[in-house]
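*Asks:* Model the following, please.
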Amino acid sequence: MESDSAHPYHKGKKVEDFYEMGEILGRGSFSVVRKAKNKANKKYYAVKVIQKKAVRTEVLEREITIMQKLDHPHVLKMNEVFEEERTISIVLDIVTGGELFEKVVERGHFSEVDASALVSQIVGAVAYLHSQGVVHRDLKPENLLCTTDSKLNIFVSDFGLSRIFSDGDFQQMSTQCGSLEYCAPEVLVGNPYDQSVDMWSIGVITYILLTGYFPFFDPDRNPAVLFDKIQNVVYDWEDCPQVSTAGKSFVSELLVHDPKKRMSARDALKHPWLKGEKLSSDNLNKAFSNMLKNIIKKKK
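*Replies:* Numbers count the residues shown, from 1 in each chain. Model (predicted):
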């Protein structure tokens, strides 16, 4: 793995020699994220410590290579990397406001104007990723981190499943990955796909922000039923009078079975709903209660 001046790569050096490792901020299947204080500048960061034996070398290298090339106000920034015998530690900017849905529920007031502003940040970040030849492949609330202030600034994080693509690279991505509720139909059936899978995920996230429900949901949590609903794009707007025509249009142009007809990130940025035209600033009370229930269910 090569280093560059913006993202130093330290091979054989211990991260503990440069950072005071603190509390655990989160855990993954093969990693742990800790709060850490840089001994030189006294600033706090998040350090993702990955067990090398649990992850293929090419996967680790790909995640680091991708993060090295990214620089956007709504994409989590990587600062440096430490490779030791058993672990690789990625030093990231720290974002302590929590995950997207938790922060929204905690806020206590959330309107369609707020939803539009949030989704605009996400789409802007994804448009940037796609312009850099990066497809995220795992966009979900857990990977959308928030700042602690009231402005709800969003950072796209966790590039462990991301891939680098180029024009005409459509046939090279067919790995089934990501979380079922947010996965595009073509991913679930193992068809070749491109960066438009990220836009499907944004459609799912937007629907939840507007209604408090998953668009594709089975109360019995039967994966086969959920699979069929996603494949047939079966969702509705019942009991959602608070959602504007523009909001429904935005979601409907993303939750499209044919990826070629799905709205791109660049086109989404031009959509009237993201420009906040004729949107209500009234509180989405129903969405809050339902969203909280969904979050609780997902974490059980």
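
*Asks:* what comes into contact with stretch 150-157?
*Replies:* With contacts defined as C-beta atoms under 8 Å, 6 or more residues apart in numbering, stretch 150-157 is touched by 74-76, 92-93, 95, 97, 100, 103-104, 107, 114, 117-118, 121-122, 125-126, 129, 136, 139, 143-147. C-beta: built from backbone N, CA, C; applies to glycine.

*Asks:* Can you flag the buried ones in those?
*Replies:* Those of the contacts of stretch 150-157 that meet the buried threshold are 74-76, 92-93, 95, 97, 100, 103-104, 114, 117-118, 121-122, 125-126, 129, 136, 139, 143-146, by 16 or more other C-beta atoms under 10 Å.

*Asks:* Find the nearest non-adjacent residue to residue 145, please.
*Replies:* residue 95 (4.2 Å; C-beta to C-beta, 6 or more residues apart in numbering).

*Asks:* tell me the pLDDT at the one you found?
*Replies:* You'll see residue 95 listed with a pLDDT of 92.

*Asks:* got the residue ranges for the helices in the stretch 201-300 of the chain?
*Replies:* Along the stretch 201-300 of the chain, the segments classed as helices by DSSP state H, counting those that start in this stretch run 223-231, 245-252, 265-268, 285-299.

*Asks:* helices and strands around the first one, which ones?
*Replies:* So the one you mean is helix 223-231. For helix 223-231, the elements it packs on are helix 185-188, judged by 3 or more C-beta pairs under 8 Å, 6 or more residues apart in numbering; DSSP states H and E.

*Asks:* Run the chain-centre distance for the helix it packs on.
*Replies:* On the basis of C-alpha atoms, centre = their mean, to the nearest Å, helix 185-188 sits 18 Å off its chain's mean C-alpha point.

*Asks:* Using PDB, write out the CA atom coordinates for it.
*Replies:* Provided in PDB are the C-alpha atoms of helix 185-188 (Å, rounded to 0.1, in the frame of the first residue of the first chain):
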ATOM      1  CA  PRO A 185     -33.500  -5.300  -6.800                       C
ATOM      2  CA  GLU A 186     -30.600  -6.100  -9.200                       C
ATOM      3  CA  VAL A 187     -28.200  -6.600  -6.300                       C
ATOM      4  CA  LEU A 188     -30.600  -9.100  -4.600                       C
END
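
*Asks:* Quick check: mean pLDDT of the longest helix along the chain?
*Replies:* As assigned by DSSP state H, the longest helix anywhere in the chain is helix 112-131. Per-region confidence: helix 112-131 scores 94 on mean pLDDT.

*Asks:* So what's the residue count around the nearest residue to residue 232 once chain neighbours are set aside?
*Replies:* Counting by C-beta to C-beta, 6+ apart, residue 232 lies nearest to residue 257, which is 8.0 Å off, once chain neighbours are set aside. Residue 257 has 14 neighbours, counted by other C-beta atoms under 10 Å.

*Asks:* Residue 257 is in contact with residue 230, isn't it?
*Replies:* No. Residue 257 is not in contact with residue 230 according to C-beta atoms under 8 Å; the separation is 9.0 Å.

*Asks:* What segments of the stretch 51-200 of the chain are helices?
*Replies:* 57-68, 100-107, 112-131, 185-188, 196-211.
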